[in-house]
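Colleague: Predicted model follows, preceded by the sequence.
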Amino acid sequence: MVMAYDPQNIFARILRGEIPNNTVLETEHTLAFRDIRPQAPEHVLVIPKGAYVCFDDFCLNASAEEIVDFHRVAGQICALLDVQPEAGKPGYRTIANAGEHGAQEVPHYHLHILAGRPLGRMLDLA
Ligand code: 5GP
């Protein structure tokens with residue numbers, strides 16, 4: 001099954017201002033906002049403003065400027081949440097779900113940043 005970019009996806013609509021969001025940080029190329037159904041006390045989504053379906057699409061097709069900006073914003077979110085392990089803080093988890101096996105719900109690339117409690121092991125292998 002091909003996952004094509006759908007300009008009507010919910011994050012594209014958020015980027016066009018058609019749906020409100022709880023913005024944490026915004027730059028020329030990137031938007032970070034709170035997840036509507038948080039899975040941890042802190043749950044922020046970082047998305048590029050460009051139309052990329054998922055992680056590999058973004059890595060392969062975005063400009064260097066977009067890629068750097070995206071990751072700087074993600075780092076700034078970690079700083080704003082005050083969770084950086086290198087500063088003695090408790091840490092966090094980033095997740096990028098992709099496609100069917102990754103259980104991706106919204107076909108616009110996004111990085112989840114989860115923090116605020118111990119998050120358990122990465123995968124429940126039971
Ligand atoms: P995925 O499963 O695609 O990795 O994650 C999509 C995420 O988007 C989910 O965690 C879901 O709660 C979040 N989400 C879906 N619709 C909205 C919305 O309208 N606003 C916000 N802020 N988050 C949303």
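Modeller: On my side now, so go ahead. Numbers count the residues shown, from 1 in each chain.

Colleague: rest of the way, CA atoms for contacts and neighbours
Modeller: Fine.

Colleague: So for the longest helix anywhere in the chain, what gets flagged as buried?
Modeller: When the chain is parsed with DSSP state H, its longest helix is helix 64-81. Residues 66, 67, 69, 70, 73, 74, 77, 78, 81 are the ones in helix 64-81 that count as buried (16 or more other Cα atoms under 10 Å).

Colleague: Give me the nearest residue to the first one, chain neighbours excluded.
Modeller: The spatial neighbour of residue 66 that comes closest, neighbours along the chain excluded (Cα to Cα, 6 or more residues apart in numbering), is residue 29 at 5.8 Å.

Colleague: burial measure for the one you found, as a count.
Modeller: 16 (other Cα atoms under 10 Å).

Colleague: From residue 9, how far out is the residue of the chain found nearest the ligand?
Modeller: Closest contact between the chain and the ligand, by Cα to the nearest ligand atom, is at residue 105 (3.4 Å). With distances taken as Cα to Cα, to the nearest Å, residue 105 is found 10 Å from residue 9.

Colleague: again, but for residue 86
Modeller: 36 Å.

Colleague: How about the strand ranked longest in the chain and the ligand, touching?
Modeller: Scanning the chain for the longest strand, with DSSP state E as the assignment, gives strand 42-48. No. For strand 42-48 and the ligand, the contact criterion (Cα under 6 Å from any ligand atom) is not met; the two come no nearer than 7.5 Å.

Colleague: Contacts only, for residue 99.
Modeller: For residue 99, the contact set (Cα atoms under 8 Å, 6 or more residues apart in numbering) comprises 3, 54.

Colleague: Pretty sure it sits in a helix.
Modeller: No. With DSSP: H, G, I helix; E, B strand; the rest coil as the criterion, residue 99 is assigned coil and is not in a helix.

Colleague: so where's this structure shaky on pLDDT?
Modeller: Scanning the chain for pLDDT under 70 picks out 125-126.

Colleague: Tell me where it has strands.
Modeller: In the chain, the strands defined using DSSP E lie at 23-26, 30-34, 42-48, 92-95, 111-115.
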